[in-house]
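K.L.:
Output the structure for:
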Amino acid sequence: MEEHSRCKLELLRDYLVLYLQIVLANAQGKATQYVTLIDGFAGGGVYHDGRLGSPLVILRAVEEAAALINIEREKPVSIVPVCYFIDENRGAIECLEHHLRGTEFRDRIGNTIHLRHATFAACVDEIVVGINERHRRGGNRTIFFLDQCGYSEVPAAVVRDLDQKLNGRAEFIINFSIGWFGDFLSNATEASYQSLVDRLGLGGYVDIAQLLRQRTELGGNWRHAVESHIGLGFHHATGIRCFSPFYIEPEDNHRGYWLLHLAQNQRARAAMTSIHWSKANRSKHYGPRGYGILSYKPDLDPTLYINGMSFDDTSRVECQALLAEDYGRLVRDNFQDGITYSALADKTCNETIADGAMLDSALWQLFTDNEVEIQSRTGCPKRSRTLTSTDVIVPKKQLVLSAFGDALIPRRRPRRLGRS
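P.N.:
Numbers count the residues shown, from 1 in each chain. This next block holds a predicted model:
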């Protein structure tokens with residue numbers, strides 16, 4: 001197994017474990033939690049060196065999450081994963097079944113583990129019908145892991161259709177090979193880009209001329225363009241509210257993946273971002289670091305776009321400082337009457353590389369610096385550093401002396417969001 005593949009599977013495992021802990025955090029007394037997990041390009045289940053492939057990583061992650069969740073529970077909760085493992089290669093599916101029959105999961109085959117020799121697209125209807133039959137109120141906790149070999153096997157229209165039919169309760173983790181992007185995007189013409197955009201189902205959602213200008217200004221470097229144009233295109237074309245467009249690109253390894261995560265809930269987006277931060281040398285972002293990570297600013301240090309930043313401790317400190325400054329300006333210039341914590345997180349999540357802890361720290365820094373007030377939903381001043389969804393962030397009325405003497409006037413600052 002190559003390093004970038006190992007990192008990809010680590011991220012999948014870590015996210016599933018965290019996701020299930022979040023889902024069940026406030027479910028005391030619940031006996032059973034069903035979750036549907038789809039691996040649309042499952043492979044044979046085991047690599048040549050004996051390391052587990054994605055289907056077994058998924059099943060083991062659920063077990064790990066259950067063990068962590070039940071540590072302090074008086075009444076344990078049972079997590080039941082309903083899995084669809086799909087591959088169009090018959091040999092891969094046969095190999096996967098062989099390996100599964102040698103594990104403790106053998107009795108689940110045909111019950112809660114469904115093996116399919118088919119394309120992912122051919123199984124979509126079956127998956128939707130199965131989920132909605134099991135959950136009559138519509139949809140259920142569902143994650144699609146789509147580790148495609150190329151770039152066009154999961155067009156935006158398929159994702160949009162699935163999201164709508166599952167009532168916005170599905171998440172999507174879609175991988176694209178950096179090697180393929182590098183070969184294609186470095187030298188592609190406008191006609192080639194149009195072909196790419198059309199095959200991804202992003203026609204009308206990507207400004208190709210602007211993308212090409214940006215690539216030229218950055219000396220042919222395309223990574224930020226993928227985040228800001230292709231990622232944003234998927235966001236708009238699918239109608240899914242939250243997305244993160246970062247890279248799995250281990251140090252000293254020129255191969256890797258662009259990983260696109262799509263979810264309707266900003267808490268899921270924050271959770272995925274926290275997983276990127278948890279492994280410093282694995283994930284990268286190309287572009288600004290404060291608020292406005294998808295914007296291209298010609299006056300900014302070009303190395304941020306060309307070399308990118310790793311999700312390491314040094315970057316976290318730098319990002320934290322920029323976020324406090326940018327959020328202070330954002331709240332002051334746009335929300336004079338205040339904004340709830342949840343609304344602020346919803347409105348800004350796609351434009352930062354902050355996880356929940358970083359957002360909390362930035363807001364608390366603004367409170368400490370007397371830039372904002374933080375109030376409970378009843379209007380009382382906040383005394384605890386633990387922020388809740390209904391807390392209200394209100395800009396302080398800052399006053400300065402006028403040029404004519406002792407009169408006081410409000411301080412006004414430029415209406416500008418973010419910088420680096």
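
K.L.:
switch to C-alpha atoms for all contacts and neighbour counts from now on
P.N.:
Fine.

K.L.:
Low-confidence ranges, the stretch 251-400 of the chain, go.
P.N.:
Residue ranges of the stretch 251-400 of the chain with pLDDT under 70: 251-255, 280-281, 398-400.

K.L.:
Where do the helices of it begin and end?
P.N.:
Using DSSP state H, counting those that start in this stretch, the helices of the stretch 251-400 of the chain run over 266-278, 303-306, 313-334, 341-348, 356-368.

K.L.:
Residue 19 is nearest to which of the ones you listed?
P.N.:
helix 266-278 (7.3 Å; Cα to Cα).

K.L.:
what packs against the closest one?
P.N.:
Secondary-structure packing of helix 266-278 (3 or more Cα pairs under 8 Å, 6 or more residues apart in numbering; DSSP states H and E): helix 3-23, strand 242-244, strand 257-263, helix 356-368.

K.L.:
Next, the angle strand 257-263 makes with it.
P.N.:
150 degrees (axes from the mean of the first three to the mean of the last three Cα atoms, to 10 degrees).

K.L.:
what comes into contact with helix 266-278?
P.N.:
Counting contacts by Cα atoms under 8 Å, 6 or more residues apart in numbering, the residues outside helix 266-278 that touch it are 11, 14-15, 18-19, 241-244, 261-263, 282-283, 311-312, 345-346, 349, 353-356.

K.L.:
Using CSV, list the CA coordinates for it.
P.N.:
Extracted C-alpha coordinates of helix 266-278, given in CSV (Å, rounded to 0.1, in the frame of the first residue of the first chain):
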residue,chain,number,x,y,z
GLN,A,266,-21.9,22.5,9.3
ARG,A,267,-21.1,20.3,12.3
ALA,A,268,-20.2,17.5,9.9
ARG,A,269,-18.0,19.9,7.9
ALA,A,270,-16.3,21.0,11.2
ALA,A,271,-15.8,17.4,12.1
MET,A,272,-14.1,16.6,8.8
THR,A,273,-11.9,19.7,9.1
SER,A,274,-10.9,18.6,12.6
ILE,A,275,-9.8,15.2,11.1
HIS,A,276,-7.6,17.1,8.6
TRP,A,277,-6.0,19.0,11.5
SER,A,278,-5.4,15.8,13.5
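
K.L.:
still on that earlier bit, turn the helices of the stretch 251-400 of the chain into JSON lines, including distance to residue 2.
P.N.:
Output for the helices of the stretch 251-400 of the chain, formatted as JSON lines (distance: least, Cα to Cα, whole Å):
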{"stretch": "helix 266-278", "distance to residue 2": "19"}
{"stretch": "helix 303-306", "distance to residue 2": "24"}
{"stretch": "helix 313-334", "distance to residue 2": "25"}
{"stretch": "helix 341-348", "distance to residue 2": "35"}
{"stretch": "helix 356-368", "distance to residue 2": "31"}
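
K.L.:
Which stretch among the ones you listed is buried most, on average?
P.N.:
Highest mean neighbour count among the helices of the stretch 251-400 of the chain (mean count of other Cα atoms under 10 Å): helix 266-278, with a mean of 22.

K.L.:
chain center to that one: distance?
P.N.:
6 Å (Cα atoms, centre = their mean, to the nearest Å).

K.L.:
what does stretch 353-373 give?
P.N.:
For stretch 353-373, the distance to the chain centre is 21 Å (Cα atoms, centre = their mean).

K.L.:
same thing with stretch 53-65?
P.N.:
Stretch 53-65 sits 19 Å away from the centroid of its parent chain (Cα atoms, centre = their mean).

K.L.:
Then stretch 45-54?
P.N.:
So, by Cα atoms, centre = their mean, the centroid of stretch 45-54 is 25 Å from its chain's centroid.

K.L.:
end to end, how far does that stretch reach?
P.N.:
The straight-line separation of the ends of stretch 45-54 (Cα to Cα, to the nearest Å) is 6 Å.
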